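**Q** here are the coordinates; sequence isn't available:
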C-alpha cells in the first residue's frame, strides 16, 4: 500500500552546477570562500558573506538556456530563527521577461505542536535545534526560467557572516502514486573500533550519513520516461535532493529530506502493460 498524501519529490538535475553564479554586494564576500563553492559536491567547501545588514546577500544566476524550475534549496547554512529568504525567477536572460517571485520565507522550519518539549523549548524552537546540518527549501509550481536570484537576509547574525554549503535548484519530479509502506530510514556509521595489543578498546570517530530506502510500486506508463531518465542520469557521482514528506513540516520532513546520491537501485521493472516498479536506495552526501 502506498503512503498517502505529500508525494515524494526529487530534484534529479541540479541546474546550479551549470549556471553562472554571482553574489552581491561583492565587497562583503570572503575571497577564499567564493560562490562557486556551492556548485561543488565537496561538503567541506562553502560560500561566505559578511552581508548581515537588512539588505542581506543576493545570489544571482544565469543559465545557458531556459529551464523548468519548481524548487530551490539552500543546504548547510548558518541561518537562525527569524532569518528570511526569497526567490525571483525571470523567463529570459539578464533578468528580462516575465517575473515569478516568492514571498519572504522563514529560513527554519518550526517544530509541530506535538514535537514541542513544553517547559523546555521556547517559542522559537525549530525542527533543526541540535541538528548538525540545516537546510531551507521552497517548492512552487513549475516555472520556465533562464535567470534568477535568491535573496538571503540574516540581519545581525552572531557569527558575523552568512554561510551555506550548497545551492540546488531545478525541476522536482514526483510519482503519481507515492512510495509504499515498508520504507526504511537508517544511518551509516564509518567509525572504527578495534582492540589494542593491550586488550583495551580503541574507537576512531567517523561520519554518520542517513540511508533511505523506498519502493515505487506503481510507476504508470504515462510517467515511465520520467523515471527512465532518473535511472539514466542518477549515480553516485550526481548529487541530488530528496524529500519524502515535502511541506509536512517538523521533524518528519526534516528526517526524510537530504542532499544525497543514489547509492543503489533496481532496474525500472515492467509489471504489466501499464505499470512499472523501482526500488531506490539514497545515501546522504
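**A** Everything's here; your move. Keep in mind that what you see is a predicted model, and the values were worked out from it rather than measured. Numbering: from 1, shown residues only.
**Q** From now on I want contacts and neighbour counts done on CA atoms only, so please keep to that.
**A** OK.
**Q** mind listing what residue 208 touches?
**A** 187, 188, 189, 190 (CA atoms under 8 Å, 6 or more residues apart in numbering).
**Q** If we use 6 Å, what do you get?
**A** 188, 189 (CA atoms under 6 Å, 6 or more residues apart in numbering).
**Q** try the one 5 residues further on
**A** The neighbourhood of residue 213, defined by CA under 6 Å, 6+ apart, consists of 183, 184, 280, 281.
**Q** from memory the first one sits against residue 214, does it?
**A** Yes - checked against CA atoms under 6 Å, the pair residue 183 and residue 214 is within contact range at 4.8 Å.
**Q** Tell me where the model's unsure across the chain.
**A** Within the chain, the stretches with pLDDT under 70 are 1-5, 111-124, 206.
**Q** Longest helix in it, please.
**A** If you go by DSSP state H, the chain has its longest helix at helix 224-233.
**Q** which non-adjacent residue is nearest residue 186?
**A** Nearest non-adjacent residue to residue 186, counting by CA to CA, 6 or more residues apart in numbering: residue 211, 4.9 Å away.
**Q** residues contacting that neighbour?
**A** 185, 186, 187, 282, 283.
**Q** shouldn't the first one be in contact with residue 209?
**A** No - under the criterion of CA under 6 Å, residue 185 makes no contact with residue 209, lying 10.6 Å away.
**Q** what about those two, which has more around it?
**A** residue 209 (16 against 13; other CA atoms under 10 Å).
**Q** List the beta-bridge partners for the more buried one.
**A** residue 188 (DSSP bridges).
**Q** And for residue 75?
**A** Under the criterion used (DSSP bridges), residue 75 bridges to residue 135, residue 166.
**Q** Against residue 250, how distant is it?
**A** Residue 75 is 17 Å from residue 250, where distance means CA to CA, to the nearest Å.
**Q** can you check residue 158 too?
**A** 25 Å.
**Q** I figured residue 23 hits residue 61, correct?
**A** No - counting by CA under 6 Å, residue 23 does not reach residue 61; the two are 9.0 Å apart.
**Q** show me what contacts residue 8?
**A** Here residue 8 is in contact with 174, 243, 244 (CA under 6 Å, 6+ apart).
**Q** again but with residue 220, I slipped
**A** 274, 275 are the contacts of residue 220 under CA under 6 Å, 6+ apart.
**Q** repeat for residue 9
**A** So residue 9 contacts 172, 173, 174, 242, 243 (CA under 6 Å, 6+ apart).
**Q** Ramachandran angles for the residue nearest to the third one when sequence neighbours are not counted?
**A** Same thing as residue 174. Once flanking residues are discounted, residue 174 sits nearest to residue 9: 4.9 Å by CA to CA, 6+ apart. For residue 9, the backbone dihedrals (degrees, to the nearest 10) come out as phi -130, psi 140.
**Q** Can you name the residues bridging to residue 9?
**A** Assigned bridge partners for residue 9, using DSSP bridges, are residue 243.
**Q** thinking residue 59 is in contact with residue 149, fair?
**A** Yes - Residue 59 is within contact range of residue 149, at 5.3 Å (criterion: CA under 6 Å).
**Q** more crowded one of those two?
**A** residue 149 (20 against 17).
**Q** Secondary structure element for the more buried one, which one?
**A** strand 135-153 (DSSP states H and E).
**Q** Please identify, among the contacts of residue 8, the one with the most neighbours.
**A** Result: residue 244 is most packed of the contacts of residue 8 (other CA under 10 Å), 25 neighbours.
**Q** could you measure that residue against residue 256, distance?
**A** Taking CA to CA, one finds residue 244 at 6 Å from residue 256.
**Q** go on, residue 202?
**A** In terms of CA to CA, residue 202 sits 32 Å off from residue 256.
**Q** between those two, which one's more packed in?
**A** More crowded of residue 202 and residue 256, by other CA under 10 Å: residue 256, with 17 against 11.
**Q** Contacts only, for the more buried one.
**A** 243, 244.
**Q** same deal with residue 242?
**A** Counting by CA under 6 Å, 6+ apart, the residues that residue 242 touches are 9, 10, 257, 258.
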